[in-house]
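Asker: Please find the sequence and the predicted model below.
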Amino acid sequence: MMRHIFYSLLVASVLLSGCAAKNAKNTQTSAPVAGSEAAIAASLHKEGNLSEALEHYAKAIEEKETPQLRNGAGAALLEGGNPQDALQEFNRALVFYPASPELLTNKGTAEILLGNDDSAEESFDKALSYAPNNPAALNGKALILLRKKEYESALILLIKAAKEAPEDKAIIFNKALSFEATGLLEDADKTLTKVLENDPEDAEARNARGIVRMKRKKYELARDDFTFAIALSPTTGIFYYNKAILEQRLMEYEKAVTNYTRSIAYDPDNPAAYVNRGESYFLLGKKEKGCKDLEKACDAGLCEKLESYHTARLCMD
């Protein structure tokens, strides 16, 4: 079964008042002057006004290029969903401070989002060679290990990162998901509950805890979490998908079909939803609809279930 949990990335801070790289020399600069382009950019960025922040970062860089400004622009681009241009900004900043763990971590973060896992891992490893306890770099390296399904190794790094940054939500969240991946379900449940105590309206944490509780066979609690996650983010297909898996497990096939259909509407690129809805249709005695769903899944590259139904002559070629 596909894993439908989100992992959280971090963007490391390189303050406008100076680069935080411990190994770099002469990195401190004066704080941006109030009313300057740099100060306006930083203020807009903090407010979440990314497009205007980027305009002022560009003007500030034109006046005087600094790695802090390049990093700020890169962080704004990442937050705005543009990792390609963000990567260029981080690379430009690294020309000034090639040994900055923060800049290397941000570069790795952009590379993860671009799917360049090997380059990302190299960036995180380099960052950790300069700052072995850098929590953002530890988190980034752990995400690479999670993608490789090296769950225990990832958990070790995330526990270390959590000690360095005990209040960092992204690290705590990823630690919880690593607990889940290694089978430490009770630990995962407790950790996600702590996340939700601080932020009850975190839809991703609700969804993640729902998965954990479903695995723990706490089905009604899991249902509550999926329902809450959907209420918080009603256009996120994965949340409907996970609730449908629960309903299918509880033999509530009509409900499962409904939520798989909602999942497909919001996330049509998940072939597993077609497979599972198809099987639910079969269990409802709707063979024709079931076969059509398995064919759609196969068209998207997930053919194993259709082939098994062909072999059993439940779906004909």
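Answerer: Thanks, I have the structure now.
Asker: what stretches of this protein score poorly on pLDDT?
Answerer: 1-31 (pLDDT under 70).
Asker: at 90 instead, please
Answerer: 1-35, 147, 170, 312, 314, 316-317 (pLDDT under 90).
Asker: Which residue, neighbours along the chain excluded, lies closest to residue 264?
Answerer: Leaving aside its sequence neighbours, residue 264 sits nearest to residue 273 (Cβ to Cβ, 6 or more residues apart in numbering; 5.1 Å). Bear in mind the C-beta positions are built from the backbone N, C-alpha and C, glycine included.
Asker: What of residue 302?
Answerer: That would be residue 271: by Cβ to Cβ, 6+ apart, it lies 3.9 Å from residue 302.
Asker: Leaving out the residues flanking it, which one is nearest to residue 259?
Answerer: Spatial nearest neighbour of residue 259, chain neighbours left out: residue 244 (3.7 Å); criterion: Cβ to Cβ, 6+ apart.
Asker: Follow the chain on from the host helix or strand of the one you found and name the next helix or strand.
Answerer: Using DSSP states H and E, residue 244 sits within helix 237-249. Using DSSP H and E, the helix or strand that follows helix 237-249 towards the C-terminus is helix 253-266.
Asker: List the buried residues of that following helix.
Answerer: Neighbour-count burial for helix 253-266 flags 253, 255, 256, 257, 258, 259, 260, 262, 263, 264, 266 (criterion: 16 or more other Cβ atoms under 10 Å).
Asker: OK, contacts around the second one?
Answerer: Residues in contact with residue 255 (Cβ atoms under 8 Å, 6 or more residues apart in numbering) are 244, 247.
Asker: I'd say residue 290 and residue 274 touch.
Answerer: No: the pair residue 290 and residue 274 does not pass the contact test of Cβ atoms under 8 Å, sitting 10.0 Å apart.
Asker: Three-state assignment for residue 166, please.
Answerer: coil (DSSP: H, G, I helix; E, B strand; the rest coil).
Asker: give me phi/psi at it?
Answerer: phi -60, psi -20 (degrees, to the nearest 10).
Asker: So what's the residue count around the residue lying closest to it once chain neighbours are set aside?
Answerer: With Cβ to Cβ, 6+ apart as the criterion, residue 166 has its nearest non-adjacent residue at 8.0 Å, and that residue is residue 172. By other Cβ atoms under 10 Å, 21 other residues sit near residue 172.
Asker: now what about stretch 159-178, what contacts it?
Answerer: Contact partners of stretch 159-178, identified using Cβ under 8 Å, 6+ apart, comprise 5, 7-10, 133-136, 138-139, 142-143, 146, 151, 154-155, 158, 187-188, 191-192, 194-195, 198-199, 204-205, 208, 212.
Asker: Actually, stretch 43-60.
Answerer: 32, 36-38, 40-42, 69, 72-73, 75-77, 79-80.
Asker: Among these, name the buried ones.
Answerer: Judged by 16+ other Cβ under 10 Å, buried ones among those: 32, 36-38, 40-42, 69, 72-73, 75-77.
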